[in-house]
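> okay, sequence plus prediction incoming.
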Amino acid sequence: MRTMHCIASAAVALVAAAAMTPALAVPTIDGKITAGDGYGAALSTQNTNTHFGNAENGDPINGGNGSEIDQIFARIDGGRLYVLVAGNLQTNFDKLSIFFDSEPAAGVNTIDQNALPRGVDPFIDGLGFPPPNGTNNPTNIGALQRMDGLTFDAGFNADHFLTITHGFESALDDDGAGTLDSPLGFYAASAHYADLTDGVSGRNGALGIQLAQRGLPNVLRGTTADVDIDGDADGNDFLIIQRNLGATGVNRLSGDTTGDGNVTGADLDLWRAAFGFSNATATFGTNHFAPQSQGVDNSDVLLGPALIGLNPGDLIDKVYAFGPNGGATDNAGTGAITRELEFVLPPIAGTDNVASHRNMQNIVSLQLAIDNSNTVGVSGDPGTGPLGPYTDPTAGNPSAVETGIEFSIPLSEIGYTSGPIKLFAFINGNGHHYASNQFSGTGILEANLGGNGFSGFTGDLSGVDLNDFAGDQFVTIGVPATPAAATIPEPGSAVLLGMALAAGLGVLRRR
């Protein structure tokens with residue numbers, strides 16, 4: 001009888017434990033694999049050392065002079081696609097270009113600039129004079145035109161496009177009468193989208209920005225008077241400047257607050273004006289901080305106040321800017337909680353958009369995060385292969401990389417109805433028309449492809465044919481299996497089953 005009692009107790013305990021086992025959580029959009037994300041094994045791991053420089057300093061924004069794709073992770077859950085492209089993206093407006101093949105009866109195998117939407121990321125590299133009034137500029141007509149001629153692997157037909165970049169932007173207040181405020185510099189990650197299934201009329205747009213690392217809804221604040229890089233301007237900074245007065249050829253860590261390479265009385269003056277500043281009490285209205293000093297600043301120290309009403313992974317767009325938390329009342333940004341919001345607003349009527357507004361709206365409910373802190377993975381070593389540079393498989397450890405660019409998008413926004421999803425990703429140059437050697441999938445074991453692969457740059461991607469390389473340069477994201485009810489009972493059913501089992505064993509015991 002004691003045996004039966006033990007069996008009954010054990011059965012109830014096991015079933016109760018099964019009932020309490022938590023379901024796998026959806027990924028946290030923070031740019032890294034965290035416990036419970038449930039991505040599983042990588043869908044591809046890089047074999048080719050990067051020819052786009054090598055990231056080396058570990059900063060979550062300014063990770064160093066390099067862009068690379070080390071691994072691809074993805075999963076489908078709750079009506080959304082979650083993707084983590086592990087690696088780095090340099091803050092020089094290099095692009096992570098992503099194409100989806102998610103509609104079985106749609107898509108293109110070769111990019112034809114005349115048959116696809118124009119004006120996708122028309123500002124291209126974040127620099128130079130923007131298109132008038134936000135319209136297409138004939139000499140700068142968009143990402144898809146710059147990728148004209150790119151041919152995907154057989155069996156891959158691109159039907160939706162997403163491009164992600166980051167760097168140091170600038171914007172100006174413009175009141176419509178030609179009065180411009182001083183330029184505002186700031187860090188921003190941004191994303192652009194296009195539907196490729198409806199020709200030149202395909203829906204597309206600038207989706208929005210983030211102003212801090214890891215998808216955090218914060219702004220960056222700081223001062224160059226913070227020479228010890230601890231988030232404030234205090235007496236310790238003064239002592240460093242004082243000890244190094246007269247030094248030449250130095251940076252901020254030695255007291256050069258003005259950025260001229262010398263430590264002089266001007267540096268003390270700047271410190272004096274900033275004395276008392278602290279990131280812990282920073283406001284939206286002061287100490288906008290960009291560009292950062294690569295290799296000096298710690299982006300985590302620069303985290304300032306959080307924007308109200310935004311969650312990690314959310315994008316900032318004009319809907320937010322004009323909303324109750326953003327506070328903007330017109331396209332010039334009047335009343336905005338912080339000046340960075342001017343960047344996402346529409347151009348001002350009657351001007352040529354010298355204010356550099358982008359008219360952003362998150363039309364696909366994208367979530368995004370960038371963690372640029374990776375320092376391992378593939379290297380910038382060209383190798384010594386007999387067929388030329390980069391033909392040796394990497395001696396690095398790309399399988400160790402679990403940080404990079406993470407995003408989530410509703411399945412409905414990529415036309416998904418059923419079956420697996422194919423995804424192709426690669427690092428493109430800041431003009432959208434210079435292919436690196438960093439691709440998803442099998443890997444190419446080649447140097448940068450440039451514009452036409454082996455014969456030099458042509459100004460577009462007309463010579464880049466992924467069929468020239470062994471294997472597929474895309475990954476396939478499988479549909480998650482639905483567990484059988486008998487294998488993983490619902491909590492309510494499990495408890496009932498346990499009660500029934502215990503009751504049945506109790507009957508045996510009474511006999």
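Structure's in. What do you need?
> the stretch 1-150 of the chain: strands as residue ranges?
44-45, 53-55, 64-66, 68-77, 80-88, 95-101 (DSSP state E, counting those that start in this stretch).
> report the strands that pair with the longest one, each with its relative direction.
What that stands for is strand 68-77. strand 44-45 (antiparallel), strand 80-88 (antiparallel) (DSSP bridges).
> try the second one
The sheet places strand 53-55 alongside strand 64-66 (antiparallel), with pairing taken from DSSP bridges.
> ok, now the last one?
Take DSSP bridges as the rule and strand 95-101 pairs in its sheet with strand 160-171 (antiparallel), strand 421-428 (antiparallel).
> got CSV for the strands paired with strand 68-77, with distance to residue 338 and mean neighbour count too?
For glycine as for every other residue, the C-beta is placed from the backbone atoms N, C-alpha and C. Formatted as CSV, the strands paired with strand 68-77 follow (distance: least, C-beta to C-beta, whole Å; neighbours: other C-beta atoms under 10 Å):
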stretch, distance to residue 338, mean neighbour count
strand 44-45, 39, 23
strand 80-88, 28, 27
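> mind checking which of the strands paired with strand 95-101 is nearest residue 146?
strand 421-428 (8.5 Å; C-beta to C-beta).
> distance from the helix or strand just after that closest one to the middle of the chain?
Using DSSP states H and E, the helix or strand that directly follows strand 421-428 along the chain is strand 435-439. The chain centroid and the centroid of strand 435-439 are separated by 17 Å under C-alpha atoms, centre = their mean, to the nearest Å.
> can you give me the helices in the stretch 151-300 of the chain?
Using DSSP state H, counting those that start in this stretch, the helices found in the stretch 151-300 of the chain span residues 235-243, 265-274.
> just to revisit the earlier point, the strands paired with strand 95-101: which one's closest to residue 83?
strand 421-428 (6.8 Å).
> tell me, how many residues neighbour the closest residue to residue 209 other than its chain neighbours?
Closest residue to residue 209 apart from its sequence neighbours, by C-beta to C-beta, 6 or more residues apart in numbering: residue 188 at 4.3 Å. Neighbourhood size, residue 188 [other C-beta atoms under 10 Å]: 24.
> who does residue 188 form a beta bridge with?
residue 167.
> show me what contacts it?
166-169, 209-211, 340, 343 (C-beta atoms under 8 Å, 6 or more residues apart in numbering).
> reformat the helices of the stretch 151-300 of the chain as a markdown table; add mean neighbour count.
Converted to a markdown table, the helices of the stretch 151-300 of the chain look like this (neighbours: other C-beta atoms under 10 Å):
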| stretch | mean neighbour count |
| --- | --- |
| helix 235-243 | 16 |
| helix 265-274 | 17 |
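> adding mean pLDDT and distance to residue 202, write the strands of the stretch 1-150 of the chain out as JSON lines.
Listed next are the strands of the stretch 1-150 of the chain as JSON lines, based on pLDDT from 0 to 100; distance: least, C-beta to C-beta, whole Å:
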{"stretch": "strand 44-45", "mean pLDDT": "98", "distance to residue 202": "27"}
{"stretch": "strand 53-55", "mean pLDDT": "91", "distance to residue 202": "33"}
{"stretch": "strand 64-66", "mean pLDDT": "89", "distance to residue 202": "33"}
{"stretch": "strand 68-77", "mean pLDDT": "97", "distance to residue 202": "23"}
{"stretch": "strand 80-88", "mean pLDDT": "98", "distance to residue 202": "19"}
{"stretch": "strand 95-101", "mean pLDDT": "98", "distance to residue 202": "13"}
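> how about the ones you listed, which one is nearest residue 295?
strand 64-66 (8.0 Å).
> was I right about residue 261 contacting residue 250?
Yes. Shown here, residue 261 and residue 250 form a contact pair, counting by C-beta atoms under 8 Å, at 6.5 Å.
> wait, what's in contact with residue 443?
Contacts of residue 443 (C-beta under 8 Å, 6+ apart): 44, 46-48, 471, 473.
> just the strands in the stretch 201-350 of the chain please.
For the stretch 201-350 of the chain, strands defined by DSSP E, counting those that start in this stretch occupy the ranges 204-210, 218-220, 303-306.
> and the second one, what's its mean pLDDT?
With pLDDT averaged residue by residue, strand 218-220 scores 97.
> which strands and helices sit next to it?
strand 184-195, strand 303-306 (3 or more C-beta pairs under 8 Å, 6 or more residues apart in numbering; DSSP states H and E).
> please identify the deepest-packed of those.
Sort the helices and strands packed on strand 218-220 by mean neighbour count, taking mean count of other C-beta atoms under 10 Å, and strand 184-195 sits at the top with a mean of 24.
> pLDDT below threshold where in the stretch 51-200 of the chain?
124-140, 173-182 (pLDDT under 70).
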